[in-house]
Structures are given as C-alpha cells and as structure tokens.
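Enquirer: just a sequence and a predicted model for now, questions to come.
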Amino acid sequence: MSHPVNPPARLLMGPGPITADPRVLRALSTPLVGQYDPWMTATMNQTQELYRQVFGTRNDATVLVDGTSRAGIEAVLVSLLAPGDRVLVPVFGRFGHLLEEIARRAGAEVHTIETTWGQVFTPSAIEAAVAATKPKVLAIVQGDTSTTMNQPLDELGAICDRHGVLLYTDATATIGGNPLELDAWRIDAVSAGLQKCLGGPSGSAPVSLSARAVDVLGGRRSVEAGIREPGDEVADEPIRSNYLDLAMILDYWGPRRLNHHTEAASMLYAANECARILLDEGVDEAIARHELAGRAMLTGVEALGLRVFGDLAHRMHNVLAVEIPSDVHGDDVRSAMLHDHGIEIGTSFGPLHGRVWRIGTMGYNARKDTVVTTLAALENALRRAGHPVPQGGGVDAALDVYAGAGVGA
C-alpha cells in the first residue's frame, strides 16, 4: 500500500544535503511556466546575473546544468576535455578521485598527484606537477567534504596562466560559506550545487566558464540535426555527451534559445532563490556566519574532549571531521542522534570510514541554535554509549564563542 510523501522531522547537520531554507521550499512550490514564456526567459537571465555575483565573476557563460552537482562536474569535464587531452587532478580526498574517474571516462589522459587525507597541496607542489605533466586542464576540488579540507586556490590561476593551462574547480561544498573569487583568482571554470551552503535541495548545478574556456567549447560545438540551421557548426569530434554538452547548453541559455532540453522550472526557481538569499545577506556576511558557526562547533566538540581530524589551518568553515572515540561504535552514536534527537550527522569514506563523524554547519543550518542543539544531542548520545563527557561542556563552549562574537539570542 502506498503512503503520502510525509518525511519525518529531521535536522540535517551532516556534510550535505542540509535542511533547505523555507524561502527555497516556497519557491519550489510555485506554478510552472513554459520554457519560452517571456517571464521564464527573463527569470533565466536574472538567475545568470545572480550567479555571476555569487561566483564573483563577469563571465557571460554562467548558467545552470539541470542535475545534481555531479552533473555540473561532468558537464565541465566532458565539454573541456576531448579524448586524449591531458588533465592533472590533485587528489586530497574522495572527490578528487571523482574528478579523476569522470575525466578518465571522458577519454582524457589523466595524471594525478596525491597527498595524505587531512592535508592540502602547496602551490609549489601543484606548479611542479603542472610543469611535469603539461596538462590542458588542472581540475581540483576546492573543499572536499570527505576530509573537510579547503584547498587554497588563490595562487593557482597565475600558475595556470604561466603554463597555458585551464583551471577548473568543483566548489559544490564551499560556495556561499567560504571565499571564492573566480575573476580575481583567474579560475576558468567552476561548478557547484545548491544542497550545502546555498541552503537548497540537490538537483541544480550552477556553472560558470571564462571566455578562454568558452573558446575551447567552440572548437567542439555541434548543433543537433533536428534544430540545425544553415551555417551551424557540425563537429567531426563533438562533445561526448549530448545532455551535458555545455556548448549546446550555452546556446539554450543564450540569445538563440536553441532547444536542448526542457528547463527544470522548479529547480530554476530554487536556484534563483538560493542566490537571492545569499546576496540579500551579503556574500561576505554569509561567509562570516559560516566561519562563526564552524568555529563554535569546533570549540564545542573539543570541549567535549573529542579530537578533530585534519589540518585545522585549512579546514572548511562548514564541515568538521570529529574523530570517533575508541570506546564507542560510531554508527550506534549516529543512530542515537537520529532516532533520539532527530539530528543527522555523517560518517566518511575510504580510509576515514568508521574513523570520523562529519558534522556540518551550513546554509540555513549555520545558526547558533542548531549548533548548540547538535552539541547537546551529541553529548547525550556519547554519555548513553558509555563515553565520559563533561556535562554541558560543549554547549557552554559554543555559547561562549557566540557571546565573544557579540551574537545574542
């Protein structure tokens, strides 16, 4: 027997997705409009301009890819990389391996460098690898939620310029909660998602491309036969995906409005509202809010006597990896958090699976009340599992952080 869709009440404090902002949920519930209705095309144009501000860019080629953040990653890589093209992927967590996997499936010649999980790369290490491998594209994750590390990008654009390399970053986990400046940092391509610091649902992937990256697409542009007009390009080696062909997606979002797919209208509304919420608050203010929430959570878990994983100097503002004490079973504590308190926290992958919990403070949930509620629940779950913790220590420490920042009730 089927049942109505009626999810349980949950506070999503893991590495994402997170609890969607009520404004975004309201946007999702608004009526559909045809994809070529003047209101719809105007809203698409407005959304492009909003995400130029979100990304810190003047790139004309700023659009949404209809799909989860992985669709955005794949659209960028399959569109920029022709079979045989060389790509360098610095791997410092699970999602670096994902870039490697997608690039390999696109037929690229993939080169990687790796560092210990919990660390990031120095610019000099990346430049040495660029000089040695001579890639067409340097593809790197900004914030890898599997390790909670935030890779500095501000020097990589100049490195890539010196070596004639395109720079692409996956900013899914960082955008809106950590600094990212496409133009100032000379980043050629970025993809993201809504489900973390932007406070929306998964299902739309904002993408932005520099003029240099768009030129690469131009050499592979191939207009479909069913909509082709005299003089349109037909490439001998077109982009290897139809749905994720950014050249055709740009034609769909551009003045010609060449039909490529039916725009996911509800997700467009959600993406538009996510950007409006961020810009209404102010990008710098939102980043500061995430930094404060992350610092309060860090201080709170340390006050409970727990250790935090990784190089704290390079941690993301919005996700914390907490080492699981040896005297408890990590999944049992997570289960108690969920079933006793209605709070979801995450585990991790690969070498960190079963070693850390990942606690997120992002988007709509980067707030004082969610931080202290999560710390209180974690303290209770640990105590009931037999692990000694100071009563109220985590909550008090987090509240002190907020008080020190001048944040009241």
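Expert: Everything's here; your move. Keep in mind that this is a model prediction, so the values were computed, not measured. Residues are numbered from 1 along each chain as shown.
Enquirer: what's next to stretch 212-224, contact-wise?
Expert: Stretch 212-224 has contacts (Cβ atoms under 8 Å, 6 or more residues apart in numbering) with 60-61, 79-80, 82, 166, 168, 188-189, 209, 229, 232-235, 237-239, 242, 245-248, 250-251, 258, 260. Backbone N, C-alpha and C define where each C-beta goes, glycine included.
Enquirer: so which of the residues you listed belong to helices?
Expert: Under the assignment DSSP state H, the contacts of stretch 212-224 contribute 79-80, 246-248, 250-251 to helices.
Enquirer: touching, residue 210 and residue 188? I think so.
Expert: Yes: counting by Cβ atoms under 8 Å, residue 210 touches residue 188, with 4.3 Å between them.
Enquirer: more crowded one of the two?
Expert: Counted by other Cβ atoms under 10 Å, residue 210 and residue 188 do not tie: residue 188 has more neighbours, with 26 against 23.
Enquirer: quick check: that one touching residue 161?
Expert: No: Residue 188 is beyond contact range of residue 161, at 9.7 Å (criterion: Cβ under 8 Å).
Enquirer: quick check: the gap between the closest residue to residue 367 other than its chain neighbours and residue 366.
Expert: Nearest residue to residue 367, sequence neighbours excluded (Cβ to Cβ, 6 or more residues apart in numbering): residue 293, at 6.8 Å. Residue 293 sits 4 Å away from residue 366, going by Cβ to Cβ, to the nearest Å.
Enquirer: quick check: neighbours shared by these two?
Expert: residue 318.
Enquirer: this protein: strands as residue ranges?
Expert: 11-12, 61-66, 86-91, 109-114, 137-141, 143-144, 149-150, 166-170, 189-191, 204-209, 319-323, 343-344, 356-360 (DSSP state E).
Enquirer: for the fourth one, buried residues please.
Expert: For strand 109-114, the buried set under the neighbour-count rule, 16 or more other Cβ atoms under 10 Å, comprises 109-113.
Enquirer: let me have those in a markdown table, adding distance to residue 147 and pLDDT as columns.
Expert: Formatted as a markdown table, these follow (distance: Cβ to Cβ, whole Å; pLDDT from 0 to 100):
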| residue | distance to residue 147 | pLDDT |
| --- | --- | --- |
| 109 | 26 | 98 |
| 110 | 20 | 98 |
| 111 | 21 | 98 |
| 112 | 16 | 98 |
| 113 | 15 | 98 |
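Enquirer: among the residues you listed, which one sits closest to residue 2?
Expert: Taking Cβ to Cβ as the measure, residue 2 lies nearest residue 110 of the buried residues of strand 109-114, at 44.8 Å.
Enquirer: partner residues bridging the closest one?
Expert: Here residue 110 sits in beta bridges with residue 87, as judged by DSSP bridges.
Enquirer: and the gap between it and residue 90?
Expert: Residue 110 is 12 Å from residue 90, by Cβ to Cβ.
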